[in-house]
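**Student:** any chance you could fold what I've pasted below:
(one chain, ligands or ions: 1)
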Amino acid sequence: MARGLDILGDPWSMLVLREVFFGNTRFHAMKLRLGVADSVLTKRLAGLMEHGLLTKQDYDDGGRTRQEYVLTSRGEDALPVLNAVIIWAEKHLEAPTDQAHMFVIHSSCGLRTSSADTCTECGEVLTAANTSWHSLGRTEHPIELSTAAHVRGGAA
Ligand SMILES: [Zn+2]
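**Tutor:** Alright, predicted model coming up:
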């Protein structure tokens, strides 16, 4: 467990992973959403790449090639950890505002799950491809998660 926590126990690294699952994959957009200093974000992105959870991918920005950060399969495998944190916080911690709620939705059946790795409503195993997160302060509707090296949500 300790060696997993070296990577997944860091709050900023987990928030960076949250952003990438949400499809928010570009440095400046992540920085704005997280309200974090360049140096902090740079360090976490470098660490997540060094440990093989993220990789860089080119994208075309109006004729200029830029880079964004995408999940590897190792990074995608962290999904149940993030789901568990979201679900635990909803169950046990008071939300400071109504907008602060966040839910894990199994897209295939459209229902909220209270388990991190299988849907409590229909029993299907949760993957990034069939899971959405609904952050009430962020968007009106749940956002389909990005999968390894594939951005689904778009900048959010
Ligand atoms: Zn379900």
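**Student:** let me know the pLDDT of the most far-flung residue of the chain relative to its centre.
**Tutor:** Most distant residue from the mean C-alpha position of the chain: Gly63, 28.1 Å away (CA atoms, centre = their mean). pLDDT, Gly63: 93.
**Student:** and what of Arg152?
**Tutor:** At Arg152, pLDDT is 62.
**Student:** can you check Ala156 too?
**Tutor:** For Ala156, pLDDT reads 45.
**Student:** pretty sure Val36 sits against Trp12.
**Tutor:** Yes. In this structure Val36 lies within contact range of Trp12 using CB atoms under 8 Å: 6.7 Å. No exception for glycine: its C-beta is placed from N, CA and C like everyone else's.
**Student:** who's in contact with the residue positioned nearest the centre of the chain?
**Tutor:** Nearest residue to the geometric centre of the chain (CA atoms, centre = their mean): Arg18, 2.4 Å. For Arg18, the contact set (CB atoms under 8 Å, 6 or more residues apart in numbering) comprises Leu82.
**Student:** what's around Val40, how many residues?
**Tutor:** Neighbour count for Val40, taken as other CB atoms under 10 Å: 13.
**Student:** for it, which non-adjacent residue is spatially closest?
**Tutor:** Trp12 (5.9 Å; CB to CB, 6 or more residues apart in numbering).
**Student:** assign that neighbour to helix, strand or coil.
**Tutor:** helix (DSSP: H, G, I helix; E, B strand; the rest coil).
**Student:** pull up the gap between it and the ion, please.
**Tutor:** 31 Å (CB to the ion, to the nearest Å).
**Student:** so which residues on the protein come close to the ion?
**Tutor:** When proximity is defined as CB under 5 Å from the ion, the chain approaches the ion at His106, Cys109, Cys119, Glu121, Cys122.
**Student:** filter those to the buried ones?
**Tutor:** His106, Cys119, Glu121 (16 or more other CB atoms under 10 Å).
**Student:** which of those residues lies closest to Ala100?
**Tutor:** The closest of those to Ala100 turns out to be His106 (CB to CB; 21.8 Å).
**Student:** and the closest one, bridged to which residues?
**Tutor:** Assessed by DSSP bridges, His106 has beta-bridge partners Leu111, Thr131.
**Student:** hmm, Cys122 and it touching each other?
**Tutor:** Yes. Shown here, His106 and Cys122 form a contact pair, counting by CB under 8 Å, at 6.7 Å.
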